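*Asks:* Here is a sequence together with a model predicted from it:
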Amino acid sequence: MKNIILLLVIGSMVALGSCKKKGCTDSTAINYEADAKKDDGSCVYADDPTPPGIGPITGSSNVEGYNILAKLPGIWNGPVTSPTPLGSFAEWIVDFRPISPSQISAKNELDSINDIFMSFFIVKYDNAFKVAFRNGGGFAGSVRNSYMIIDSVSEGPTESFYRFSDPISGGNRVYTNVLFKLDSIIMTTYTNQFNTLSQPSIHMEWRANLRDQTSTQNALTAFNFPQKEMTRDFSNTFTGLTDAVFYSAASDPYPEAQQPYLGNSDVNISITNPAVIDPTRKVVIIVTTQPLFPGGVFNPANLDFRSRYVFVDAASPTSFNFNYMHPGSYYVNAIYDTNGDLNFATGDYMNVPFDVPMTLAGLGNTSANVTISFQIP
């Protein structure tokens, strides 16, 4: 008799427990549980902006690829090899500096129609915090900006590897490998050439060495960089798209005009010598973070402090706007290039006085006036 009573009690407890099963009780939710009797707040709906399971980012949050942010600051210089119409060149100088606590960027120009803006920053994507890579700019007069999100990380004591790929089509559309070896970087980008190839082919490879880290110290300190803060929520940014490549500022989810902290500098050039200007020649404008002519004497080693440079058509007057430029103190020099080597050489003409100073504040505007009048002996 006692055993029968015990079984009845246990059965009643099980039945009671079943009656109180918790879960999603809303039949319109995608995780509706028909046998749930008490709603536990876990319902998920098809139009939810973000799935459950990830809260606000904090200092203890996992951010995939986070360590790359600390490896990038500084001025890097090295050769580029590329099968594109721009071809290969012996030097590509990139001045990476923080522009927020969780974003680092660099802007480069070759001339008035070819430039590139690269940026690495923290995003929320696929219910996780990850580092994204924005790579793009002007190319032969057209605009293209690609977004890639980290999908592979391998970090060791002497080498660290990071792979970024298109968040929609993955590596089938565009991807970039970034390899650090001590104080060197190898960045290789692959594309399928506007979806004309079945598999992506190499677009460019850049092999560079770290030349200077002093120029980035003020920005590192100002932002206490890097920190785990979300720069952009990309949870739904690419919904309905076939890839994450954009060809206009209107469709770009994070256009250059929305980048924080950066400013604009106008460099105005007049040429008084030579008296006759050959319009087929170029003027090379070089912006450095340290003077190239300390004490009035050229110091080639200070070419490591080049931050921005551009080639413009020779004319007097001429000018160039360095936009989305890191705030800081700079020195400007310009060369009227007579022999076509795009560098300082005997017979070229350059500015006097040397090292025209220029200072740019955050989100500011500044200018420098440079006069080319001195023939290099």
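*Replies:* Sure thing, it's come through. Just so it is clear, the model here is predicted, and its values are computed rather than measured. Residues are numbered from 1 along each chain as shown.

*Asks:* in what helix or strand does the closest residue to Pro377 other than its chain neighbours lie?
*Replies:* Counting by CB to CB, 6 or more residues apart in numbering, Pro377 lies nearest to Thr346, which is 6.5 Å off, once chain neighbours are set aside. C-betas here are computed from N, CA, C, even on glycine. Thr346 is part of no helix or strand when elements are defined by DSSP states H and E.

*Asks:* Per-residue pLDDT of Thr346, please?
*Replies:* Thr346 carries a pLDDT value of 95.

*Asks:* quick one: strands adjacent to the strand or helix carrying Gly171?
*Replies:* According to DSSP H and E, Gly171 maps onto strand 170-181. Strand 170-181 has the following sheet partners, assigned by DSSP bridges: strand 159-166 (antiparallel), strand 184-191 (antiparallel).

*Asks:* residues in contact with whatever helix or strand comes next after the last one?
*Replies:* By that I understand strand 184-191. Proceeding C-terminally, strand 184-191 gives way to strand 201-212 as the next helix or strand, assigned by DSSP H and E. With CB atoms under 8 Å, 6 or more residues apart in numbering as the test, strand 201-212 has contacts from 74-84, 92, 94, 174, 183-193, 289, 304-305.

*Asks:* What residues sit buried inside strand 201-212?
*Replies:* By neighbour count on 16 or more other CB atoms under 10 Å, the buried set for strand 201-212 is His203, Met204, Glu205, Trp206, Arg207, Ala208, Leu210, Arg211, Asp212.

*Asks:* Between strand 170-181 and it, find me the angle.
*Replies:* Inter-element angle recorded for strand 201-212 and strand 170-181: 30 degrees (by axes from the mean of the first three to the mean of the last three CA atoms, to 10 degrees).

*Asks:* So which other helices or strands are in contact with the helix or strand that strand 201-212 is followed by?
*Replies:* Toward the C-terminus, strand 201-212 is succeeded by helix 217-223 as the next helix or strand (DSSP H and E). On a contact count with 3 or more CB pairs under 8 Å, 6 or more residues apart in numbering; DSSP states H and E, helix 217-223 meets strand 89-100.

*Asks:* And the strand it packs on, what's buried?
*Replies:* For strand 89-100, a neighbour-count test (16+ other CB under 10 Å) marks Trp92, Ile93, Val94, Asp95, Phe96, Arg97, Pro98, Ile99, Ser100 as buried.
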